[in-house]
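1. mind folding the following:
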Amino acid sequence: MERVGPHCTADDILADLELHDAGVSRSTVYRALDSLGRAGVVRPVYLGVGPARYERADAEHQHAVCRVCGTVFHLEHGLLREFERHIEEQHHFHPVRTEVLVVGVCDACSHAPQPMTALPRVVEHSH
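-> Just a heads-up that it's a prediction; the model follows:
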């Protein structure tokens, strides 16, 4: 997964393995991702459209995705602490994990004369 990059799909992993002549089947990739997910090594991430993407489970952040160009912004987990505290205090509910996806338009796309069609990129820890 490290070679393929963050937010890779099972097909991305399979394509990388085929480049390196690993001789691994699609079902093996899916079984491996399922096992790694149950072991807490990776987790599936859903970015609004398309297949599940996978990232390391130790990545404590949420995502914002530009609906025009597909840029993925990482949002710090700390931004959700106030929300989690509210749920605990007002509803007596104890969050174990909070998952948030914010969909919108990034600054570059909002100022572009025509919609951008660049490949998705990852922007680390936005504020």
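2. quick one, helices of the protein?
-> When assigned using DSSP state H, the helices of the chain occupy the ranges 10-19, 26-38, 81-91, 107-111.
3. let me know the pLDDT of His92.
-> If you check His92, the pLDDT there is 96.
4. oh, I was asking about Glu76
-> The model's pLDDT for Glu76 equals 78.
5. wait, it sits on Ala59?
-> No. Glu76 sits out of contact with Ala59 when judged by CB atoms under 8 Å, with a separation of 10.8 Å. (Each C-beta comes from the backbone N, C-alpha and C, glycine too.)
6. tell me how this structure divides into domains.
-> Per automatic domain parsing, the structural domains of the chain span 1-58, 60-127.
7. what's Ala57 in contact with, if anything?
-> 37, 40-43 (CB atoms under 8 Å, 6 or more residues apart in numbering).
8. what about those residues, which are in strands?
-> Per DSSP state E, strands hold the following members of the contacts of Ala57: 42-43.
9. quick one: which of the contacts of Ala57 has the most company?
-> Using other CB atoms under 10 Å as the neighbour test, these are led by Val42, with 21 neighbours.
10. from Gly5, how far off is that one?
-> As judged by CB to CB, to the nearest Å, Val42 and Gly5 stand 13 Å apart.
11. for stretch 58-77, buried residues please.
-> 61-66, 68-75 (16 or more other CB atoms under 10 Å).
12. how far is stretch 82-90 from where the chain is centred?
-> From the chain centre to the centre of stretch 82-90 is a distance of 24 Å (CA atoms, centre = their mean, to the nearest Å).
13. brilliant, that's me finished.
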